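[1] Have a look at this fold, sequence not included:
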């Protein structure tokens, strides 16, 4: 009887492990997450080279499923950083409190040298696309949509107090897990370099 219960217990453990591997955020995802950008030989070489400042035509590109931030200058990769995302990392941000990191085209709309998360680059979320969707789905009013659109077209800071959410930053305090409320988190040394390198209005693209 004792051997029978041991066999049953082992089977249950195998089933539980299999489910964990398949669910979002399970070990299969985490293995991909912990793959360092520096494990790419090309990225190791790139990260070892001094930046030529000021950068010409800088651009930031975040690929969520790779947990990777690439910094471009003149169309070439000049840095590769590991990132952490929101606690609900899969899918585009829809509303305040959903734990998702937004996807789409943004720009650096603010810089905060006294952030609670070391240093922070504010992103222009919600953008026009999010505003139009929010209006269609009844999350915001036409007045709020118009405020967001006006701020984006004037290259300012869009309203961050609507039901679409806001205050999405690229900031510090660590990239070892998906722990933010929807921001992109870097290790402090990496955000320091990025913060000191990119100006306000730098283009930011976040991909799934």
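    Yep, it's here. Remember, it's a predicted structure, so these values are computed and weren't measured experimentally.

[2] what residues are up against the closest residue to residue 165 other than its chain neighbours?
    With C-beta to C-beta, 6 or more residues apart in numbering as the criterion, residue 165 has its nearest non-adjacent residue at 3.6 Å, and that residue is residue 96. For every residue, glycine as well, the C-beta is placed using N, CA and C. With contacts taken as C-beta atoms under 8 Å, 6 or more residues apart in numbering, residue 96 has the following neighbours: 162, 163, 164, 165, 166.

[3] Skip the chain neighbours and tell me the closest residue to the second one.
    Spelled out, that is residue 163. Of all residues not flanking residue 163 in the chain, residue 139 sits nearest, at 4.5 Å (C-beta to C-beta, 6+ apart).

[4] Contacts only, for the one you found.
    With C-beta under 8 Å, 6+ apart, residue 139 has these contacts: 95, 162, 163, 164.

[5] Looking at strand pairing, list the partners for the nearest residue to residue 177 once chain neighbours are set aside.
    Spatial nearest neighbour of residue 177, chain neighbours left out: residue 84 (5.5 Å); criterion: C-beta to C-beta, 6+ apart. Here residue 84 sits in beta bridges with residue 185, going by DSSP bridges.

[6] re the thing from before, who wins on neighbours among the contacts of residue 96?
    residue 164 (28 neighbours; other C-beta atoms under 10 Å).

[7] Wait, a strand at that one?
    No. Assigned with DSSP: H, G, I helix; E, B strand; the rest coil, residue 164 falls outside any strand and is coil.

[8] which residues does it contact?
    Counted by C-beta under 8 Å, 6+ apart, residue 164 has contacts 93, 94, 95, 96, 126, 130, 131, 134, 139, 140.

[9] Surely residue 57 and residue 73 touch.
    Yes. The pair residue 57 / residue 73 is scored as a contact, 6.5 Å apart, by C-beta atoms under 8 Å.

[10] Distance-wise, check residue 188 relative to residue 135.
    Computed with C-beta to C-beta, to the nearest Å, the distance linking residue 188 and residue 135 is 38 Å.

[11] Of these two, which one has the most company?
    Between residue 188 and residue 135, counted using other C-beta under 10 Å, the more crowded position is residue 135 (19 against 15).

[12] For the residue found closest to residue 113 once you drop the neighbours it is linked to in the chain, which residues are in contact?
    In this structure, residue 113 finds its nearest non-sequential neighbour in residue 119, 6.2 Å apart by C-beta to C-beta, 6+ apart. Contact analysis of residue 119 by C-beta under 8 Å, 6+ apart lists 111, 112, 113, 171, 172, 188, 191, 192, 195.

[13] ok so, going back, wait, isn't the residue nearest to residue 177 in contact with residue 176?
    Yes. Using C-beta under 8 Å, residue 84 makes contact with residue 176 at a distance of 6.6 Å.

[14] okay, the two: which has more neighbours?
    Each of residue 84 and residue 176 has its neighbours counted (other C-beta under 10 Å); residue 84 has more, 22 against 12.

[15] Run through the residues that contact residue 72.
    Applying C-beta under 8 Å, 6+ apart, the residues near residue 72 are 57, 58, 59, 60, 61, 78.
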